[in-house]
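Student: okay, predicted coordinates and the sequence, questions at the end:
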Amino acid sequence: MAARRVADYAAHVAEDLYNCSLKRQTGVSLKHMMDFVPTQRNLLLSAQFLHKELPIRLAHRVLELENLPYGLTEKIPILQVRQWYIDSFRDLRSFPDIRNSQDEASFTNLLYQIKRRHADVISTMALGIRELKQDIGPRIGRDDVPEVHQFMDRFFMSRIGIRMLIGQHVAMHIPNQPPSYVGLISTKASPVEISRNAVEDAQVVCRRAYGDTPDVHIYGDPKFTFAYVPTHLHHMIFELVKNSLRAVLVRYMKTSSDPPPIRVIVADGLEDVTIKISDEGGGIPRSGISKIWSYLYSTADTPSVSGNSRDMPSAMAGYGFGLPISRLHARYFGGDLQVMSMEGYGTDAYLHLTRLGNVQEPLP
């Protein structure tokens with residue numbers, strides 16, 4: 001793919017991109033999303049807001065993708081991602097004003113197509129980062145290329161927000177949704193039940209990779225529920241449990257001892273819901289703790305990337321994106337992810353989840 005820059009596009013497209021990139025992004029209250037009633041009028045207002053807001057968010061990322069350090073901008077996978085963002089920007093800007101329910105329905109279909117277009121962004125970015133690692137050497141930590149890590153945090157936080165807004169609007173049109181659902185948000189999400197499903201999925205992947213899987217014990221009240229996005233919570237727990245499964249198996253696979261179980265503990269606090277994932281996988285050296293948040297670091301060999309993000313969870317490890325992106329998911333909703341480790345014993349991950357109140361989107 002030729003390195004076509006924004007200035008190489010038709011003058012009106014380039015000017016529009018630059019102008020939109022100078023506009024301020026408008027954050028959305030997550031409580032507003034949860035309390036949103038999908039009436040015909042509200043869906044029309046939502047579509048009109050997204051018609052104006054999404055091009056601004058996309059333009060911010062396009063201009064940033066064009067000015068990355070260490071030659072990252074010129075990597076073919078990064079050029080591909082930038083092209084997807086430009087294509088989506090042009091589609092949105094060429095869509096006429098939304099005035100009635102018919103316009104809104106057509107716009108919703110466009111949003112669905114854009115969401116599908118961007119489905120492979122994570123795996124494609126992984127290819128670009130892998131090429132960067134090959135260029136600058138394997139012994140790279142977070143502090144060695146801070147500009148890259150800061151960009152990746154901004155980029156993926158923005159992606160979470162864009163996909164949340166699009167997904168929420170599109171999901172409002174799904175017929176016969178359970179009464180506890182408002183788009184993607186469940187007002188009665190059970191962290192214990194979601195943890196069970198995520199653990200089962202992680203164990204399937206582990207068994208496929210190693211032929212075995214440690215036990216996982218889940219502690220908590222299955223009747224406890226709170227408002228959250230189940231798909232986001234599933235993703236975070238899946239990544240954390242997957243890491244623990246791998247650490248335990250790698251440590252015990254050459255011994256005669258049975259691998260100790262992993263513990264998932266769900267606690268309902270006054271401010272936060274906290275989920276703790278504990279393993280006895282040997283822990284992480286203190287010097288390596290900062291590296292676990294690096295997009296350029298993984299303790300496993302990097303697997304081949306198929307170009308399809310839906311294939312990514314089939315590998316146990318190697319991309320280096322699981323933990324940092326999980327932390328961004330938690331922070332998007334006002335929570336956080338912390339990891340504490342005892343070298344020679346094991347690791348505890350604390351996933352702090354804020355109930356969806358008046359938390360504003362953390363726009364990059």
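Tutor: Okay, I see it.
Student: can you show me the strands along the stretch 101-250 of the chain?
Tutor: 181-182, 185-189, 216-219, 226-228 (DSSP state E, counting those that start in this stretch).
Student: any chance of TSV for those, columns mean pLDDT and mean neighbour count?
Tutor: C-beta here means a position set from N, CA and C on the backbone, and glycine is covered the same way. Below are the strands of the stretch 101-250 of the chain laid out as TSV (pLDDT from 0 to 100; neighbours: other CB atoms under 10 Å):
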stretch	mean pLDDT	mean neighbour count
strand 181-182	94	18
strand 185-189	94	19
strand 216-219	98	16
strand 226-228	93	21
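Student: which of the ones you listed sits closest to Tyr252?
Tutor: The minimum distance between Tyr252 and the strands of the stretch 101-250 of the chain falls on strand 216-219, with 14.6 Å, by CB to CB.
Student: send me the closest one as PDB with only the CA atoms.
Tutor: Output of strand 216-219 as PDB, limited to C-alpha atoms (Å, rounded to 0.1, in the frame of the first residue of the first chain):
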ATOM      1  CA  VAL A 216     -10.800 -22.300  38.500                       C
ATOM      2  CA  HIS A 217     -12.800 -21.600  41.700                       C
ATOM      3  CA  ILE A 218     -15.200 -18.700  41.700                       C
ATOM      4  CA  TYR A 219     -16.400 -17.100  44.900                       C
END
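Student: flag the shaky bits of the protein, pLDDT-wise.
Tutor: Under the criterion pLDDT under 70, the flagged ranges of the chain are 1-10, 138-143, 298-320, 356-358.
Student: and the residue sitting furthest away from the middle of it, which of the three is it?
Tutor: Distance from the C-alpha centroid of the chain peaks at Ser256, with 38.0 Å (CA atoms, centre = their mean). At Ser256 the chain is in coil, as set by DSSP: H, G, I helix; E, B strand; the rest coil.
Student: distance of it relative to Gln177?
Tutor: 51 Å (CB to CB, to the nearest Å).
Student: same thing with Leu79?
Tutor: Taken as CB to CB, the span from Leu79 to Gln177 is 38 Å.
Student: ok, those two, which is more surrounded?
Tutor: Leu79 (19 against 14; other CB atoms under 10 Å).
Student: secondary structure element for the more buried one?
Tutor: In the assignment (DSSP states H and E), Leu79 maps to helix 76-94.
Student: which strands or helices does that helix pack on?
Tutor: helix 11-21, helix 40-65, helix 101-117, helix 121-136 (3 or more CB pairs under 8 Å, 6 or more residues apart in numbering; DSSP states H and E).
Student: looking at those helices, which is closest to Lys188?
Tutor: helix 40-65 (21.7 Å).
Student: SS state for the nearest residue to Gln48 once chain neighbours are set aside?
Tutor: Distances taken as CB to CB, 6 or more residues apart in numbering put Ile98 closest to Gln48, at 5.2 Å, once the chain neighbours are dropped. Secondary structure state of Ile98, per three-state DSSP, is coil.
Student: list the buried ones in stretch 69-81?
Tutor: By neighbour count on 16 or more other CB atoms under 10 Å, the buried set for stretch 69-81 is Leu72, Thr73, Lys75, Pro77, Ile78, Leu79, Gln80, Val81.
Student: which one among the residues you listed gets closest to Pro222?
Tutor: Nearest to Pro222 among the buried residues of stretch 69-81, with distances taken as CB to CB, is Val81, at 40.2 Å.
Student: measure the closest one to Gln113 for me?
Tutor: Val81 is 17 Å from Gln113, by CB to CB.
Student: let me know whether Asn100 touches Leu44 as I believe.
Tutor: Yes: Asn100 is within contact range of Leu44, at 7.4 Å (criterion: CB atoms under 8 Å).
Student: tell me which of the two has more neighbours.
Tutor: Using other CB under 10 Å as the criterion, Asn100 and Leu44 rank with Leu44 on top: 17 against 9.
Student: which secondary structure elements does the helix or strand containing His352 contact?
Tutor: Here His352, judged by DSSP H and E, is contained in strand 346-354. Judged by 3+ CB pairs under 8 Å, 6+ apart, strand 346-354 is in contact with helix 230-252, strand 272-279, helix 322-332, strand 336-342.
Student: in its sheet, what does that strand sit against?
Tutor: strand 272-279 (antiparallel), strand 336-342 (antiparallel) (DSSP bridges).
Student: distance to Arg208 and mean neighbour count added to the ones you listed, as a markdown table?
Tutor: Converted to a markdown table, the strands paired with strand 346-354 look like this (distance: least, CB to CB, whole Å; neighbours: other CB atoms under 10 Å):
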| stretch | distance to Arg208 | mean neighbour count |
| --- | --- | --- |
| strand 272-279 | 19 | 22 |
| strand 336-342 | 25 | 17 |
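Student: looking at those, which is closest to Pro230?
Tutor: strand 272-279 (13.0 Å).
Student: can you give the contact residues for the closest one?
Tutor: 191, 195, 226, 228, 237, 240-241, 244-245, 247-248, 260, 262-267, 335, 346-355 (CB atoms under 8 Å, 6 or more residues apart in numbering).
Student: from the residues you listed, list just the buried residues.
Tutor: 191, 195, 226, 228, 237, 240-241, 244-245, 247-248, 260, 262-266, 335, 346-355.
Student: adding distance to Glu280, write the helices and strands packed on helix 76-94 out as CSV.
Tutor: Shown next, in CSV, are these (distance: least, CB to CB, whole Å):
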stretch, distance to Glu280
helix 11-21, 49
helix 40-65, 41
helix 101-117, 40
helix 121-136, 30
